[in-house]
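Participant: The following comprises the amino acid sequence and a computationally predicted model.
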Amino acid sequence: MERPSLEINLPDTHEEGKLYVVDSLNNLNKLNVCPDENQHSLDEEENSVGTGENMAGSNTRNTCLFFVTFIFTLIISLALVSFVIFLIIQTRNKMDQISSRLLSEKKNIEELKKINNILLKHLNQSGIKD
C-alpha cells in the first residue's frame, strides 16, 4: 500500500506553468487541510505582501498605546489608594478626638454626680434639723 505521490511530472510545460501548477496545488492543499480558514489565509497572504510596513507601525502604535493606558491606570490606582489611606487616617483622628471628648465628659458627669450627692446630703441634713 503505497501512498500516491503529490508530484506531477510535466515535461512539456514552461517554468511559469510549473510555478502556476505548484501554486495551485498549494492552494488546493490549504483548502483540503483547513477548509474553514482558507479564505482568511489566502487574504492574509495577499495583504501581507503589500502591508508589511503598515503592520509593524500598527504593532508599535498598539504597544505604545497599551503602555500609556497601563501607566495611566497605575497612576489612577495610586491616587485612589492614597485617597483611601488619607480617609482612613482622618477617620482615625476623628475617632480619637471623639473618644477623648467622651472620656472628659464621663469625668465631668462623675464630678456632677458627686456634687449632686453632696447637695442632697446637705439638704437632707438641713431638712431634718428644722
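Facilitator: The structure has been received and is ready for your questions. These numbers were taken from a predicted model, which means no experiment stands behind them.
Participant: C-alpha from now on. contacts and neighbour counts both.
Facilitator: Fine.
Participant: Can you list the low-confidence ranges for this structure?
Facilitator: Confidence mapping of the chain against pLDDT under 70 gives the ranges 1-20, 31-56, 128-130.
Participant: So which other helices or strands are in contact with the helix of greatest length in it?
Facilitator: In the chain, taking DSSP state H as the definition, the longest helix is helix 52-129. Contacts defined by 3 or more CA pairs under 8 Å, 6 or more residues apart in numbering; DSSP states H and E place helix 52-129 against no helix or strand at all.
Participant: Contact partners for Leu28?
Facilitator: Counting by CA atoms under 8 Å, 6 or more residues apart in numbering, Leu28 makes contact with nothing.
Participant: and it, which of the three is it?
Facilitator: helix (DSSP: H, G, I helix; E, B strand; the rest coil).
Participant: Tell me how far it lies from Val22.
Facilitator: 10 Å (CA to CA, to the nearest Å).
Participant: Equivalent analysis for Arg92, please.
Facilitator: For Arg92, the distance to Val22 - CA to CA - is 79 Å.
Participant: And for Asn116?
Facilitator: In terms of CA to CA, Asn116 sits 113 Å off from Val22.
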